[in-house]
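In: Need the 3D shape of this:
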Amino acid sequence: MDFTPTEEQAAAQELAARIFGDLATHERLAKAGTGTDAELWKALCAAGLPGAVEETGLLGLVLLAEEQGRTTAQVPFAASCVYGLLAVARHGTQEQRDRLLPGLRDGTTVVTGAFPPVGTVRAAGEGPGEGHVDGPGDGDRRAVGHGDGHGDGRLTGLTRLTGTVDWVPWLRHATHVLVPDEDAVLRLVRTADATVEPVELTAPWAAGRLVLDGAPGERIGGAGACADVLASARIVFAGLQAGVCAGSLARAVAYTSVREQFGRPLSTHQAVQLRAADAYMDTEAIRVTAYEAAWRHDQGLPAAEHALTAAWWASEAGKRVVHAGQHLHGGMGADLDHPVHRHFLWGRQLDAYLGCGTELLAELGDLIANGDLR
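Out: Residues are numbered from 1 along each chain as shown. Just a heads-up that it's a prediction; the model follows:
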């Protein structure tokens, strides 16, 4: 087991750190509100970072997500890479890869995921061929592609989908959404074919409520694809949480090193040091479990329980760290306009995204009890 980044992974992480650090500043984030920073997204895509994930693997994406979390950069980078680029590259057909990956690499196609739960979206109207629409005729079958949104004329298996997902992060700015149906089959849906209603989350993630009323969905992958994408997403968002926590702790260290009480910096007080040390160990636990799960996934080793373990640390320890970061700022931590408050909001949103700690432990317990480790 070796988590040392390859030369390519290290170069991509260094480039991401520079772009996020230069453009995801407090002033720009405050100006962006709950929306996507279009200029930052354009810069990331122009630098080729989404496309680099194909070469650097899931561990490479975790490293990049960590840099996004460190600055709480408001772009759908982690989401589009794991639900779009990696999902299509790993589970799509050759035709789907040829059609969808160019847009995902250059950022003109943005995919988010309606995960979990499974079971709120029903697939109907499948014809004799797997995934084909039982519509009025071939004229109803369109390719789900990027660009003008009308397809390129090639026939692709589509299924009509019905159901609602209450909130999906980054949905308002996505061109597509990856949805598991009631049978845990992945369907890729154009957001233009669905109804998207704005939803405000704790974190400013441009979320929306997804309403599907006969929207066409394109099948991605076969049996097992849904579980694989969900596990990958849990690992990537654990990496994102590691970055959020590291950024929160760095701000706390900087603040307590200059803020004085009784004539000396707050950081010299033992109580402050112990709280910061606990937060540091929690952050490292999130990071190392995410790295291990990503490394095993890239090596083709069983990683389901490792993904759940990383997600649990991201939930439970992440919550502790962002609370510590806020408390170590004293009264300033209660200022809604202070930069550390953004880390707090992201940390609390991530602690429940893709399952809270209790749900993750229950799932992990079932996995172990059933001997279904993969």
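
In: if I read this right, Cys245 contacts Ile286, doesn't it?
Out: Yes - the criterion here is CB atoms under 8 Å, and Cys245 meets it with Ile286 at 6.3 Å. Where you see a C-beta, it was placed from the backbone N, CA and C, and this is true even at glycine.

In: and Gly355, helix, strand or coil?
Out: Using DSSP: H, G, I helix; E, B strand; the rest coil, the secondary structure recorded for Gly355 is coil.

In: What separation do you get for the closest residue to it other than its chain neighbours and Thr72?
Out: The shortest distance from Gly355 to any residue that is not its chain neighbour, by CB to CB, 6 or more residues apart in numbering, is 6.3 Å, and that residue is Ala311. Remark: distance between Ala311 and Thr72 (CB to CB, to the nearest Å) = 19 Å.

In: between those two, who's got more neighbours?
Out: In this comparison of Ala311 against Thr72, neighbours counted by other CB atoms under 10 Å, the higher total goes to Ala311 at 34 against 23.

In: and the more buried one, what does it touch?
Out: For Ala311, the residues meeting the contact criterion (CB atoms under 8 Å, 6 or more residues apart in numbering) are 234-235, 237-238, 354-355, 360.

In: Determine the next helix or strand in the C-terminal direction from whichever helix or strand it is part of.
Out: The secondary structure element spanning Ala311 is helix 304-327 (assigned by DSSP states H and E). Past helix 304-327, heading to the C-terminal end, the next element that is a helix or strand (DSSP H and E) is helix 339-352.

In: Report the distance from that following helix to the chain centre.
Out: 14 Å (CA atoms, centre = their mean, to the nearest Å).

In: can you state the direction angle for it and helix 304-327?
Out: With axes from the mean of the first three to the mean of the last three CA atoms, to 10 degrees applied, the angle from helix 339-352 to helix 304-327 works out at 150 degrees.

In: Assign a three-state SS to Leu188, would you?
Out: Following three-state DSSP, Leu188 is assigned to strand.

In: sorry, that was for Gly163
Out: The three-state label for Gly163, taken from three-state DSSP, comes out as strand.

In: Quick one: neighbours of it, just the number.
Out: Burial of Gly163 is recorded as 18 neighbouring residues (other CB under 10 Å).

In: contacting residues for it?
Out: Applying CB under 8 Å, 6+ apart as the definition, the contact partners of Gly163 turn out to be 120-122, 212.

In: cool, and His26?
Out: Neighbouring residues of His26 by CB under 8 Å, 6+ apart: Pro339.

In: gap between it and His341?
Out: According to CB to CB, His26 and His341 sit 11 Å apart.

In: repeat for Cys356
Out: Taking CB to CB as the measure, Cys356 falls 22 Å from His341.

In: These two: which has the busier surroundings?
Out: His341 (19 against 15).

In: Find the nearest non-adjacent residue to Gly318, please.
Out: Gln241 (4.4 Å).

In: pretty sure the one you found is in a helix, no?
Out: Yes - with the criterion set as three-state DSSP, the secondary structure at Gln241 is a helix.

In: Which stretches in the chain count as helices?
Out: Along the chain, the stretches classed as helices by DSSP state H are 7-23, 26-32, 38-46, 49-71, 77-80, 86-91, 94-106, 225-258, 270-298, 304-327, 339-352, 357-369.

In: What are the contacting residues of the third one?
Out: Just to be clear, that refers to helix 38-46. Residues outside helix 38-46 that contact it (CB under 8 Å, 6+ apart): 16, 19-20, 23-24, 28, 50, 73-77, 105-107.

In: Max pairwise distance over those residues: which two?
Out: With distance counted by CB to CB, no two of the contacts of helix 38-46 lie farther apart than Arg28 and Arg105, which are 24.5 Å apart.

In: Would you mind telling me which of those two has the busier surroundings?
Out: The neighbour count for Arg28 versus Arg105, taken as other CB under 10 Å, is higher for Arg105 (19 against 16).

In: Fine, thanks again, bye for now.
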